[in-house]
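Visitor: Fold the following and give me the result.
(2 chains)
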Number of protein chains: 2
Amino acid sequence: MTTAHLIKEIRRKKSFLCIGLDVDLNKIPKHLLQEEDPIFSFNKAIIDATNHLCVAYKPNTAFYEAYGIKGWKSLEKTIKYLNENYPEIFTIADAKRGDIGNTSTMYAKAFFEDLAFDSVTVAPYMGKDSVEPFLAFDDKHTILLALTSNEGAFDFQTKKVDEKELYKEVLSTSKKWKNSESLMYVVGATKAEYFKEIRKIVPNSFLLVPGVGAQGGNLKDVCKYGLSDNIGLLINSSRGIIYASNEMNFAEKSAEKAKELQQEMATFI
Amino acid sequence: MTTAHLIKEIRRKKSFLCIGLDVDLNKIPKHLLQEEDPIFSFNKAIIDATNHLCVAYKPNTAFYEAYGIKGWKSLEKTIKYLNENYPEIFTIADAKRGDIGNTSTMYAKAFFEDLAFDSVTVAPYMGKDSVEPFLAFDDKHTILLALTSNEGAFDFQTKKVDEKELYKEVLSTSKKWKNSESLMYVVGATKAEYFKEIRKIVPNSFLLVPGVGAQGGNLKDVCKYGLSDNIGLLINSSRGIIYASNEMNFAEKSAEKAKELQQEMATFI
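Guide: From the prediction side, this is the model:
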């Protein structure tokens, strides 16, 4: 999917909501556990109930890998279901991969070709040749970790490297990489005041923003400092939406939560 | 597996060789492509031929994920085969994972419980709470990226943070984390002169060293600066061993290559 298409969808739906499909079998409604593939059944119900309110879905691969081959099958069914039924949706494999060149190419094939996601999250620690293999794919997007939403972000990301913080060094250095126009960045919502600085370095890039909701981030503050001329934000909510209820009507309840966020977003578009 | 057990095996086999199982279907002997699971057949042959010469195997997960569910099955069969037939072998999932706390716990479950690896490689960018969930598992090891063997290592890892390079900051900071005695570190062989500095910070930790062979690193230099009182090194070779030949006798040829390295290693033990 092109960035232009994503922007068009955001304007059409008046939403820049991304829903995180981080499915834990201990947290989904008990009645789904009798299904053949409870994770896929859960995802399908959530997707069918919320797709008109969001522009992106983001399965975090850890939650699927934890269940081995069964989990990988659920992931494959979920992305296939999305691509076949909702091709207008932007899909994100939240995988946080990254390795030496020939190995990153294998990861890129796994997520862009085998699973056919539109984008994948990538860790920057190994530098240019660990990221460029992902950037080599047309109409696919690489979402680089910049400033994450967890406490550990202060261990290295905010440490000063040559007078500026490491996450700023990641932003400015990555802009020089080949096909860097396909880069997006992960920036945690729990640090809204940082967005002003970040927009000075990447004024137009899309930012994937986790941490609204369960992790305590505030949507209004993020929009105040983070919105670009072309919106430029994908705000993710996972637990706050998908675990809104574990009764029979869980999908309906998750749509209510998604709608609350979508309506707040509409005021900024 | 405990570190003491690993050290005992190194002394018994006079080897600190790790063989990387980075299996690319385009590079394995053509006759294997007729097998039901060519990747597993290849791994099994290599393992049966080389297990007496090495102390560890390291499948890189990218090479399995690139083949989707089939690939994940090959990975599962490989680790199961190793655990059932060669329980004295130290197993490494080269996965380079890392995410916020609850998500890292899912990755730890995937590799330590579901697949039953002894260790997993982890990226440090997200800091303490992204790594500690891995450290919470008894007799399992977390191998943190410090200084990698690729060109991109110079983009961020060697940049100065508060007067010292980022990779040194990763080494010293991670020593303070809970259960840090279960940490090992990835340090690329292409930068042998760095080992002297690294040993000042982590004198006894095991270092997993990629980059000997195909990537140009030199075993003698690494040993000169990197050996600790308890050996403290796992030297990895992947392509140089597993693709020694693609004839019918490929496994025998890979054992010859492994033996060359083992014999050189024996002189240092």
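
Visitor: and stretch A:173-183, is it in reach of chain B?
Guide: Yes - counting by Cβ under 8 Å from any Cβ of the partner chain, chain B has neighbours in stretch A:173-183: residue A:173. C-beta here means a position set from N, CA and C on the backbone, and glycine is covered the same way.

Visitor: who in the stretch 151-269 of chain A is up against chain B?
Guide: Residues of the stretch 151-269 of chain A found near chain B (Cβ under 8 Å from any Cβ) are A:151-157, A:159-162, A:166, A:169-170, A:173, A:215.

Visitor: residues contacting the closest residue to chain B within the stretch 151-269 of chain A?
Guide: The shortest separation between the stretch 151-269 of chain A and chain B is 2.4 Å, found at residue A:152 (distances taken as Cβ to the nearest Cβ). Under the criterion of Cβ atoms under 8 Å, 6 or more residues apart in numbering or on different chains, the contact partners of residue A:152 comprise B:126-131.

Visitor: Can you tell me which of those residues lies closest to residue B:247?
Guide: Ranked by distance to residue B:247 (Cβ to Cβ), the contacts of residue A:152 are led by residue B:131 at 43.1 Å.

Visitor: So which other helices or strands are in contact with the strand or helix carrying that closest one?
Guide: Using DSSP states H and E, the element containing residue B:131 is helix B:128-135. Contacting helix B:128-135 under the criterion 3 or more Cβ pairs under 8 Å, 6 or more residues apart in numbering or on different chains; DSSP states H and E are the following elements: helix B:101-108, strand B:119-122, strand B:141-147.

Visitor: about what we covered before: could you export the contacts of residue A:152 as TSV, including neighbour count and pLDDT?
Guide: Converted to TSV, the contacts of residue A:152 look like this (neighbours: other Cβ atoms under 10 Å in any protein chain shown; pLDDT from 0 to 100):
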residue	neighbour count	pLDDT
B:126	29	98
B:127	24	98
B:128	21	98
B:129	19	97
B:130	28	98
B:131	28	98
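
Visitor: ok, these vs chain A, which is closest?
Guide: Nearest member of the contacts of residue A:152 to chain A, counting by Cβ to the nearest Cβ, is residue B:127, at 2.4 Å.

Visitor: Just the C-alphas of stretch A:80-96, formatted as CSV.
Guide: What follows is the C-alpha trace of stretch A:80-96 in CSV, where atoms were taken according to Å, rounded to 0.1, in the frame of the first residue of the first chain:
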residue,chain,number,x,y,z
LYS,A,80,-5.0,-13.5,4.8
TYR,A,81,-8.5,-12.6,6.2
LEU,A,82,-7.5,-9.0,6.3
ASN,A,83,-6.0,-8.9,2.8
GLU,A,84,-8.9,-10.7,1.2
ASN,A,85,-11.8,-8.9,3.0
TYR,A,86,-10.4,-5.5,3.8
PRO,A,87,-7.7,-4.6,1.3
GLU,A,88,-8.0,-0.9,2.2
ILE,A,89,-6.6,-1.7,5.6
PHE,A,90,-2.9,-1.0,6.4
THR,A,91,-1.3,-4.0,8.0
ILE,A,92,1.6,-4.0,10.4
ALA,A,93,3.6,-7.0,11.6
ASP,A,94,4.9,-5.8,14.9
ALA,A,95,7.9,-8.0,14.9
LYS,A,96,10.8,-5.7,15.9
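
Visitor: what's the offset of it from the middle of its chain?
Guide: 11 Å (Cα atoms, centre = their mean, to the nearest Å).

Visitor: Show the residue spans covered by the helices in chain A.
Guide: Taking DSSP state H as the criterion, chain A carries its helices at A:3-13, A:38-50, A:62-65, A:68-85, A:101-108, A:128-135, A:166-174, A:195-201, A:219-226, A:239-242, A:250-266.

Visitor: returning to what we had before: and for the helix holding residue B:131, what's in contact with it?
Guide: Here helix B:128-135 has contacts from A:150-152, A:155, B:98-102, B:104-105, B:107-108, B:112, B:120, B:122, B:124, B:140, B:142, B:144, B:173-174, B:177-180, B:182-183, using Cβ under 8 Å, 6+ apart.

Visitor: Point me to the residue of the stretch 1-150 of chain A nearest chain B.
Guide: Checking the stretch 1-150 of chain A residue by residue against chain B with Cβ to the nearest Cβ singles out residue A:127 as nearest, at 2.4 Å.

Visitor: Go through the helices of chain A and pick out the most buried.
Guide: Using mean count of other Cβ atoms under 10 Å in any protein chain shown, the stretch among the helices of chain A with the largest mean neighbour count is helix A:62-65, at a mean of 25.

Visitor: Which elements pack onto it?
Guide: helix A:68-85, helix B:101-108.

Visitor: ok so, going back, can you tell me which of the residues of the stretch 151-269 of chain A next to chain B lies closest to residue A:258?
Guide: Taking those together and measuring to residue A:258 by Cβ to Cβ, the closest member is residue A:215, at 17.2 Å.

Visitor: what's the neighbour count on residue A:249?
Guide: Number of residues near residue A:249 (other Cβ atoms under 10 Å in any protein chain shown) recorded here: 13.

Visitor: tell me the pLDDT at it?
Guide: What the model reports for residue A:249 is a pLDDT of 97.

Visitor: Test my guess that residue A:143 contacts residue A:90.
Guide: No - no contact is recorded between residue A:143 and residue A:90 when judged using Cβ atoms under 8 Å, the distance being 10.7 Å.
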